[in-house]
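Trainee: Have a look at this fold, sequence not included:
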């Protein structure tokens, strides 16, 4: 059975109060249109960014293909002055390059805070992106390695290798300049830039502050209760390893059923 392909809803003219009261509690992606982002949508041209950003050196990802794989790491880290990066990234073909004239550049952030478990507004200031998202409820179909999926080609996945991926419900949207995408915490997302552009992420904590590690300023870590549960599970699995294989297999399967029965949301399906 192929997974569902769903369009992320788009709404125009949503006020802050409407968003917080009606849409935020639903915990689903949403594209907000018509929000006044100020002059940046027209002002942030290639020349303007080059001039304002100056020649400060930045570390970038460079890949021969558009689809960067953060598991096998099909990219190299290189350093460029910011103004040169902007000029190169806007080119179709590169006269100067590290790998090939078709290489792609990605500057993840000007800061060192790639937040993982926080709510997020992805603001598309300039350019276009295609974003595909998957619900955390479909995590068991995504072949996760840490927080990332091993399925790289989501448009044409290798179902012989990843058969369960076909069950994952796919939410998709296109972002143009001025669009704002709400990405709830825990949602997996794949972003494809269709042309040179600038996106700005705004993160905030969804849960009460006491649910997070107090030393984790930016929300990179899992909530403390989730971290403790993972540690307890690791200890349980190590304890099971003391049993012969037949017994270990039986009790591990019983644990999985117990978790499904007790821990999953009642409306999981």
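Mentor: Structure received. Keep in mind it's a predicted model, so treat the numbers as computed, not measured.
Trainee: Distance of the residue nearest to residue 186 when sequence neighbours are not counted relative to residue 76?
Mentor: Sequence neighbours aside, residue 136 is the residue nearest to residue 186 in space, at 4.0 Å (criterion: CB to CB, 6 or more residues apart in numbering). Just so you know, the C-beta spots here come from the backbone N, C-alpha and C atoms, and that holds for glycine as well. Residue 136 is 31 Å from residue 76, where distance means CB to CB, to the nearest Å.
Trainee: got a list of what the residue nearest to residue 186 touches?
Mentor: 186, 187, 188 (CB atoms under 8 Å, 6 or more residues apart in numbering).
Trainee: Distance of it relative to residue 142?
Mentor: With CB to CB as the criterion, residue 136 and residue 142 are 10 Å apart.
Trainee: Can you check which residues contact both of these two?
Mentor: Counting by CB under 8 Å, 6+ apart, the residues touching both residue 136 and residue 142 are residue 188.
Trainee: on that earlier part again, pick the one among the contacts of residue 136 closest to residue 30.
Mentor: Nearest to residue 30 among the contacts of residue 136, counting by CB to CB, is residue 187 at 11.3 Å.
Trainee: Tell me which helix or strand the nearest residue to the closest one once chain neighbours are set aside sits in.
Mentor: The shortest distance from residue 187 to any non-neighbouring residue, by CB to CB, 6+ apart, is to residue 133 (5.2 Å). Assigned by DSSP states H and E, residue 133 belongs to strand 129-134.
Trainee: Report the strands that pair with the helix or strand following that strand, each with its relative direction.
Mentor: Counting by DSSP H and E, the next helix or strand C-terminal to strand 129-134 is strand 144-145. If you go by DSSP bridges, strand 144-145 pairs up with strand 148-149 (antiparallel).
Trainee: Quick one: residues in contact with the partner strand.
Mentor: Taking CB under 8 Å, 6+ apart as the rule, strand 148-149 contacts 70, 71, 134, 142, 143, 188.
Trainee: okay but the fifth one is in contact with residue 151, surely?
Mentor: Yes: under the criterion of CB atoms under 8 Å, residue 143 is in contact with residue 151, at a separation of 5.7 Å.
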